[in-house]
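Colleague: Sharing a sequence plus its predicted fold:
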Amino acid sequence: MERSFGVFFHLKKTKKLNSVVLPVYLRITINGRVTELSTKREHDPLRWNTRAGRAEGKTDEARSLNAYLDVLQRKVYEIRRQLIEDDKQVTAGNIKTLMQGGEIREHRHMLMEIFREHNDQMAALVGMEYAAGTLERYETSFRHTRSFLQWKYGKDDIDIVQLDHEFITGYEFWLKSTRKCDHNSTIKYLSNFRKIVNRCIRNGWLLRDPFIGFRMTKREVERTALTQSELDRIFEKQFLAERLNIVRDIFLFSCYTGLAYVDVKKLKRSEIITGIDGGQWLAYQRQKTDIAARIPLLQPAQRLMEKYKGHPECLESNRLLPVLSNQKMNAYLKEIADICCISKTLTYHIARHTFATTITLGNGVPIETVSKMLGHRNLKTTQHYAKILDTKIVDDMKLLCDKLSLAGYSKKN
């Protein structure tokens, strides 16, 4: 993308020491890159205004030369304007080529090639700068983008110069109508795609941002959490299938610690430490945010942890719990919900919501403390998880009523 542009005429020194006149050159500077070309004119350096880049005096010769240089300058600006209209790169080299009557043979920047390169670079950094889950989201976004191109253009790739506001709105419509994505999922995929667009803009391959004027606002979603009654029902239930008992235990462990699935799966016994209170704490690095989190272990979580201390899979993999794949965990949790007569759609992530809401905030733990234990970067993120319970509101208002009664407000009525 063009950030600076300059056109200037100057006299160029030659090897001819006795030369009375010097050749006039046109210098074009764009984004710090310079190119020069001869104007095929010469002039006396004693009658040249270096600052203005023009011949001095009112002689016919000076007027003729200056008029010619003005024509060349206007031609430069006209070529620049044409390049912008044609969505071609405005470079000093391109302008020089066109000034000399040549043709621009630009390298075409193809959208899916750039997307593929981005994902390949991300794959090389998985485990260092990116999580495997992040790569998977971009791979899914890559596949969606390619499918959209096939739907809209009947081809697997397009030149990035075809990206405009209409493309973005069309992509949004396709994600919602054909892929049946909800609004927030659509915005997530478009956010991934926007990173690729921003790479093109920063490299100067794309002159206009197609996302300008497009709203990327997510809609507020009410977070689901288990009530204490539902939690007790799951805790007390003994299932005939051992796989359901194991999944139930691991799910409850997250309900009492707030750990996300990916963090529970990689949790090691070495990450259980002795806290400042002498009790057992979890000290681990959140994979999603790479933030260190410390959580005092509640008694239910400790009992669940000790239950699997000698489990063969835990001993073999050096893991704290025998965690199954996320897909299997969620499938078995739906079975557990049916058996326990819980109407909510039970997924593993509900455990994290339950910890934030029912276990901590619902029992008077300050939101700042909850945020720290959840490993969030800021309090705003915690507020999305932490739905204040009706029971908490009742308790708080009862305390307020008691204080007002003691203060004598009730006597005035």
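Modeller: On my side now, so go ahead.
Colleague: which outside residues touch the longest strand anywhere in the chain?
Modeller: Counting residues, the longest strand found in the chain (DSSP state E) is strand 33-43. Outside of strand 33-43, the residues that reach it under the criterion Cβ atoms under 8 Å, 6 or more residues apart in numbering are 9, 11-12, 21-28, 55, 65, 68-69, 72, 91-93, 95-96, 99-100. Every C-beta, even on glycine, is put in place using the N, C-alpha and C of the backbone.
Colleague: Show the buried residues in those.
Modeller: A residue is treated as buried here by neighbour count (16 or more other Cβ atoms under 10 Å); on that basis the buried members of these are 9, 11, 21-24, 26-28, 55, 65, 69, 72, 91-92, 95-96, 99.
Colleague: Next step: those restricted to strands.
Modeller: Here DSSP E is the test, and the buried ones among the contacts of strand 33-43 give 9, 11, 22-24, 26-28, 55 as lying in strands.
Colleague: Distance from the helix or strand encompassing Arg303 to the middle of the chain?
Modeller: The secondary structure element spanning Arg303 is helix 299-307 (assigned by DSSP states H and E). The chain centroid and the centroid of helix 299-307 are separated by 37 Å under Cα atoms, centre = their mean, to the nearest Å.
Colleague: What residues sit buried inside the helix or strand that it is followed by?
Modeller: Sequence order places helix 312-317 as the next helix or strand after helix 299-307, per DSSP H and E. By neighbour count, and taking 16+ other Cβ under 10 Å as the criterion, the buried residues in helix 312-317 are Cys314.
Colleague: mind listing what the closest residue to Arg47 other than its chain neighbours touches?
Modeller: Closest residue in space to Arg47, ignoring its immediate chain neighbours: Glu56 at 5.0 Å, by Cβ to Cβ, 6 or more residues apart in numbering. Under the criterion of Cβ under 8 Å, 6+ apart, the contact partners of Glu56 comprise 47-49, 62.
Colleague: Weed out the non-buried ones from those residues.
Modeller: With neighbours counted using 16+ other Cβ under 10 Å, the contacts of Glu56 contain these buried positions: 48, 62.
Colleague: Including secondary structure and pLDDT, could the contacts of Glu56 go into JSON lines?
Modeller: Written out in JSON lines, the entries for the contacts of Glu56 read as follows (DSSP: H, G, I helix; E, B strand; the rest coil; pLDDT from 0 to 100):
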{"residue": "Arg47", "secondary structure": "helix", "pLDDT": "94"}
{"residue": "Trp48", "secondary structure": "strand", "pLDDT": "95"}
{"residue": "Asn49", "secondary structure": "strand", "pLDDT": "95"}
{"residue": "Ala62", "secondary structure": "helix", "pLDDT": "94"}
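Colleague: Any chance of TSV for the contacts of Glu56, columns distance to Asn245?
Modeller: Conversion of these to TSV gives the following (distance: Cβ to Cβ, whole Å):
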residue	distance to Asn245
Arg47	98
Trp48	93
Asn49	91
Ala62	98
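Colleague: Looking at the record's assignment, how would you partition this protein?
Modeller: Dividing the chain into domains by automatic domain parsing, as the record does, gives the ranges 5-99, 111-202, 228-395.
Colleague: From Gly204, how far off is Val370?
Modeller: From Val370 across to Gly204, the span is 45 Å (Cβ to Cβ, to the nearest Å).
Colleague: quick one: which of those two has more around it?
Modeller: In this comparison of Val370 against Gly204, neighbours counted by other Cβ atoms under 10 Å, the higher total goes to Val370 at 22 against 15.
Colleague: Quickly find the element holding the more buried one.
Modeller: Under DSSP H and E, the secondary-structure element containing Val370 is helix 367-374.
Colleague: Only C-alpha atoms, please: export that helix in PDB.
Modeller: Listed next in PDB are the C-alpha coordinates belonging to helix 367-374 (Å, rounded to 0.1, in the frame of the first residue of the first chain):
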ATOM      1  CA  ILE A 367     -15.200 -12.100  41.000                       C
ATOM      2  CA  GLU A 368     -11.500 -10.900  41.000                       C
ATOM      3  CA  THR A 369     -10.500 -14.100  42.700                       C
ATOM      4  CA  VAL A 370     -12.500 -16.200  40.300                       C
ATOM      5  CA  SER A 371     -10.900 -14.400  37.400                       C
ATOM      6  CA  LYS A 372      -7.400 -15.200  38.700                       C
ATOM      7  CA  MET A 373      -8.300 -18.900  39.200                       C
ATOM      8  CA  LEU A 374      -9.800 -19.200  35.700                       C
END
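Colleague: hmm, who's touching that helix?
Modeller: Taking Cβ under 8 Å, 6+ apart as the criterion, the residues outside helix 367-374 that touch it are 258, 293-295, 352, 355-356, 360-361, 378-379, 381-383, 385-386.
Colleague: Please apply the same query to stretch 111-125.
Modeller: 130, 134-135, 138-139, 142, 145-146, 149, 156-160, 162-163, 195-196, 199-200.
Colleague: Filter the residues you listed down to the buried ones.
Modeller: The neighbour-count criterion (16+ other Cβ under 10 Å) marks 134-135, 138, 142, 145-146, 149, 157-158, 160, 163, 196, 199-200 among the contacts of stretch 111-125 as buried.
Colleague: Count the residues that sit near the closest residue to Thr169 other than its chain neighbours.
Modeller: Excluding its sequence neighbours, the residue lying closest to Thr169 (Cβ to Cβ, 6+ apart) is Phe214, at 7.0 Å. Applying other Cβ under 10 Å, we find 14 other residues in the vicinity of Phe214.
Colleague: Tell me, what's the model's pLDDT at the nearest residue to Tyr171 once chain neighbours are set aside?
Modeller: For Tyr171, the nearest residue in space outside its immediate sequence neighbours is Phe148; the separation is 5.5 Å by Cβ to Cβ, 6+ apart. At Phe148, the model reports a pLDDT of 97.
Colleague: rewinding a little: for the residue nearest to Thr169, what are its contacts?
Modeller: When contacts are counted by Cβ under 8 Å, 6+ apart, Phe214 touches 165, 168-169, 172.
Colleague: can I get those in TSV with secondary structure, pLDDT and distance to Tyr189?
Modeller: Rendered in TSV, the data for the contacts of Phe214 read as follows (DSSP: H, G, I helix; E, B strand; the rest coil; pLDDT from 0 to 100; distance: Cβ to Cβ, whole Å):
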residue	secondary structure	pLDDT	distance to Tyr189
His165	helix	93	17
Ile168	helix	96	11
Thr169	helix	96	14
Glu172	helix	96	9
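Colleague: Now that we have these, which of them are buried?
Modeller: Restricting these to buried positions leaves 168, 172, with burial counted as 16+ other Cβ under 10 Å.
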